[in-house]
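> Build me a model:
(one chain, ligands or ions: 2)
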Amino acid sequence: MRTARKTELNNWNQEFKNINHKNRKYLIKTYGCQMNVHDSERIAFLLEDIGYESTENQNEADIILYNTCMIRENAEVKVYGHLGQLKPLKKERPDLIIGLCGCMMQLNDIRNTIKKKHSHVDLIFGTNNINELPDMIYKHLRDNQFIESIEQNMKIVEDAKEVIHGEAARAYINIMYGCENFCTYCVVPYVRGKETSREPIEILKEVQYLADQGFTEIMLLGQNVNSYGQSLTNPITFTDLLKQIEKVEGIKRIRFMTSHPKDCPQELIDWIAASKKLSTHIHLPVQSGSNKILKKMNRKYTREYYLDLVRRMKEKIPNLSLSTDIIVGFPGETEEDFQDTLKLVDEVGYDQGFMFIYSERPGTVAQKMPEKISRDIQLNRFQLLLDHMYDSFKKKNEAYIGKTVEILVESVSKNNPDRLSGRTDTFKLVHFLGEKNLIGKYVQIKILSANSFSLFGELVERLE
Ligand code: 5AD
Ligand code: SF4
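Numbers count the residues shown, from 1 in each chain. Ligands and ions are numbered 1, 2, ... in the order given. Purely as a prediction, here's the structure:
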């Protein structure tokens, strides 16, 4: 919605452009997960809507925003480090606007520390206040003072047109916000608030809008997409939402993240197997292979239940690709518990995964648990887990050698500018030699080699 304030900000930026022959610029640094990346896309849209242009160079930025993460301690440490480095820049250019948003800002203690120790910060806003950003900039400029806006729970006021974004032909859509699972190690429920699902009609409108804009692949995002729709006035299951999205013309592939194993009904598995558009990649965080640790983590499933779920998925879904998250060194984890995790990893055979060393988070139940594991043991177990996981990824990837796969070309490869990269339906990263005009297109690639993280191949055919 265009408010009088947005128009005024736009005029102010336009005036700057007329005099200086360049736009005012913004830089957003994003820490953490895909939800944050998506929030940053929304922030970028709002800033561009009021006349700012994107830059990667902080020396030419007029507004610098850090979208913070606090899932593990090292993410938080990084934010403080980078923030400290902005102090001299702000001293040199007092007009520079410095803002902080994202998960860290949801906690009172952190905001107080920032206000006390980092007075060069001009704006603080929460994960549920993104839409207020233009208003906050306006007030900051008008009154020349620090502005703070924090809401604990999401009040959904999204307009599909305010979230246009995406990479190549893939766009991300939040279908729900927050989490109420309270895994004992996790800070997300404290910072992202109550689980709130968006209305299916709003999601479908957004999918249609994205399809009209030329996006062919969508990724549905939520902390626990499997419990989507339960809290709506007219409840609907995640599977039913997927079935409705399937009907949107122009969308070729549908992905979703993250699934909680405890909420994975058979009807969802059956639909993944039957659907023409759903990716056969499932991100199914297991966290640990030990029943004792799973209980202490409050994951609400057992090792046996998880393995049976995987068995049912493998049975039903041809071409299934599984990824996971695993934490090592959780309080009380014995050598036997850790061996249970390694055994589970070997038994499942993961295609991809994210491995973490347990990190103590403020306010969580696990923070108060005794039997903390020493750093040495944590590092040792982490390395062993990596070895097992990388072996598993390699085996899975090598099985693709000689096959021809369809990929959506996403970008120039990060490590080699002559190569392009894209992903298969199963979310495998594929590199090949090709012309940049293939970005955003679907192509057939013959796989020639593979390592633990990627497939390498040659172009066979371009598809429309
Ligand atoms: N320490 C380590 N890893 C964590 N995760 C969440 N909280 C913590 C923590 N305190 C991991 C979990 C989750 C992923 C997003 O991050 O594996 O699935
Ligand atoms: Fe955190 Fe558990 Fe919620 Fe995932 S499901 S966000 S790990 S509390």
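
> hey, let's count contacts and neighbours off CA atoms from now on
OK.

> number of nearby residues for the closest residue to Pro318 other than its chain neighbours?
Nearest residue to Pro318, sequence neighbours excluded (C-alpha to C-alpha, 6 or more residues apart in numbering): Ala273, at 7.2 Å. By the criterion of other C-alpha atoms under 10 Å, Ala273 has 19 neighbours.

> and if you look at Pro370?
9.

> show me what contacts it?
Taking C-alpha atoms under 8 Å, 6 or more residues apart in numbering as the criterion, Pro370 is in contact with 331-332.

> gap between it and ligand 2?
20 Å (C-alpha to the nearest ligand atom, to the nearest Å).

> Please report how far that residue lies from ligand 1.
Counting by C-alpha to the nearest ligand atom - Pro370 and ligand 1 are separated by 15 Å.

> residues in contact with stretch 7-22?
With contact meaning C-alpha under 8 Å, 6+ apart, stretch 7-22 is reached by 23-24, 49-52, 134, 138.

> my bad, stretch 191-206
103-104, 106-107, 127, 152-154, 156, 160-161, 173, 175-180, 228-232, 241, 244-245, 248.

> circling back to that earlier point, for the contacts of stretch 7-22, pick the one with the most neighbours.
Neighbour counts for the contacts of stretch 7-22, by other C-alpha under 10 Å, peak at Tyr52, which reaches 24 neighbours.

> Just give me the neighbour total for the closest residue to ligand 2 within the stretch 351-464 of the chain.
When scored by C-alpha to the nearest ligand atom, the stretch 351-464 of the chain has Thr364 as its residue closest to ligand 2, at 9.8 Å. Using other C-alpha under 10 Å, Thr364 is surrounded by 18 other residues.

> Which strand or helix spans it?
If you go by DSSP states H and E, Thr364 is not part of any helix or strand.

> Start from the N-terminal end of the stretch 51-200 of the chain and give the helices.
Counting by DSSP state H, counting those that start in this stretch, the stretch 51-200 of the chain has helices at residues 73-85, 87-92, 108-117, 133-143, 188-192, 200-212.

> so where is this protein shaky, pLDDT-wise?
Residue ranges of the chain with pLDDT under 70: 1-2, 154-168, 462-464.

> can you list the residues of it near ligand 1?
71-72, 185-186, 285, 287, 325-327, 356-361 (C-alpha under 6 Å from any ligand atom).

> what do you get if the cut-off is 8 Å, keeping everything else the same?
Proximity of the chain to ligand 1 (C-alpha under 8 Å from any ligand atom) is limited to residues 33, 71-73, 185-188, 285-287, 324-328, 354-361.

> can you tell me which residues contact Lys414?
By C-alpha under 8 Å, 6+ apart, the contact set of Lys414 is empty.

> Please report how far it lies from ligand 1.
Lys414 is 23 Å from ligand 1, by C-alpha to the nearest ligand atom.

> burial count for Ala274?
Ala274 - counted by other C-alpha under 10 Å - has 12 other residues nearby.

> tell me which of the contacts of stretch 7-22 is nearest to ligand 1?
Pro134 (30.1 Å).

> What helix or strand is the residue nearest to the closest one when sequence neighbours are not counted located in?
Spatial nearest neighbour of Pro134, chain neighbours left out: Lys6 (6.4 Å); criterion: C-alpha to C-alpha, 6+ apart. Per DSSP H and E: Lys6 is located in helix 4-20.

> in that helix, what counts as buried?
For helix 4-20, burial by neighbour count (16 or more other C-alpha atoms under 10 Å) applies to 5-6, 9-10, 13-14.

> now the residues you listed as a markdown table including distance to Leu309?
Formatted as a markdown table, those follow (distance: C-alpha to C-alpha, whole Å):
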| residue | distance to Leu309 |
| --- | --- |
| Arg5 | 52 |
| Lys6 | 50 |
| Leu9 | 53 |
| Asn10 | 53 |
| Asn13 | 55 |
| Gln14 | 57 |
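
> Pull the residues that contact stretch 55-73.
Residues contacting stretch 55-73 (C-alpha under 8 Å, 6+ apart): 24-33, 36, 40, 75-76, 79, 89, 95-105, 186-188, 359-361.

> Could you tell me which of those residues belong to strands?
Of these, the ones assigned to strands by DSSP state E are 25-30, 97-102.

> What remains of those residues if I keep only buried residues?
Using 16+ other C-alpha under 10 Å as the burial test, the ones in strands among the contacts of stretch 55-73 include 25-28, 30, 97-102 as buried.

> Am I right that Phe238 is in contact with Asn226?
Yes. Phe238 is in contact with Asn226 according to C-alpha atoms under 8 Å; the separation is 5.8 Å.

> ok so, going back, how close does the residue of the stretch 351-464 of the chain closest to ligand 2 sit to Arg5?
Separation of Thr364 from Arg5 (C-alpha to C-alpha, to the nearest Å): 40 Å.

> And for Asn319?
Distance of Asn319 to Arg5, computed by C-alpha to C-alpha: 52 Å.

> Mind listing the residues bridging to Phe456?
His431, Ser449 (DSSP bridges).

> Report the contact partners of it.
Contacts for Phe456 (C-alpha under 8 Å, 6+ apart) come out as 430-432, 447-450.

> Going by neighbour count, list what's buried in stretch 298-307.
Buried residues in stretch 298-307, counting neighbours by 16+ other C-alpha under 10 Å, are found at 299-303, 306-307.

> for stretch 403-413, same thing?
Those would be 404-413, for stretch 403-413 by 16+ other C-alpha under 10 Å.

> What of stretch 113-120?
Using 16+ other C-alpha under 10 Å as the test for burial, stretch 113-120 gives 114, 118, 120.

> Extract the C-alpha trace of it and format it as CSV.
What follows is stretch 113-120, C-alpha atoms only, in CSV (Å, rounded to 0.1, in the frame of the first residue of the first chain):
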residue,chain,number,x,y,z
THR,A,113,22.8,-4.4,25.1
ILE,A,114,22.7,-2.9,21.6
LYS,A,115,21.2,0.3,22.9
LYS,A,116,23.8,0.5,25.7
LYS,A,117,26.9,-0.5,23.7
HIS,A,118,26.1,0.3,20.1
SER,A,119,24.7,3.8,20.1
HIS,A,120,25.5,4.1,16.4
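
> Tell me where the stretch 251-400 of the chain has helices.
Going by DSSP H, counting those that start in this stretch, the stretch 251-400 of the chain shows helices at 266-274, 291-296, 303-316, 335-348, 375-398.

> Which one of those lies nearest to Phe146?
Closest approach to Phe146 among the helices of the stretch 251-400 of the chain (C-alpha to C-alpha): helix 375-398, 39.9 Å.

> so what secondary structure elements neighbour the closest one?
The contact analysis (3 or more C-alpha pairs under 8 Å, 6 or more residues apart in numbering; DSSP states H and E) places helix 375-398 against strand 321-328, helix 335-348, strand 352-357, strand 442-450.

> Report the angle between the very next helix or strand once past that helix and strand 442-450.
As assigned by DSSP H and E, the chain's next helix or strand after helix 375-398 is strand 404-412. Here the directions of strand 404-412 and strand 442-450 differ by 100 degrees (axes from the mean of the first three to the mean of the last three C-alpha atoms, to 10 degrees).
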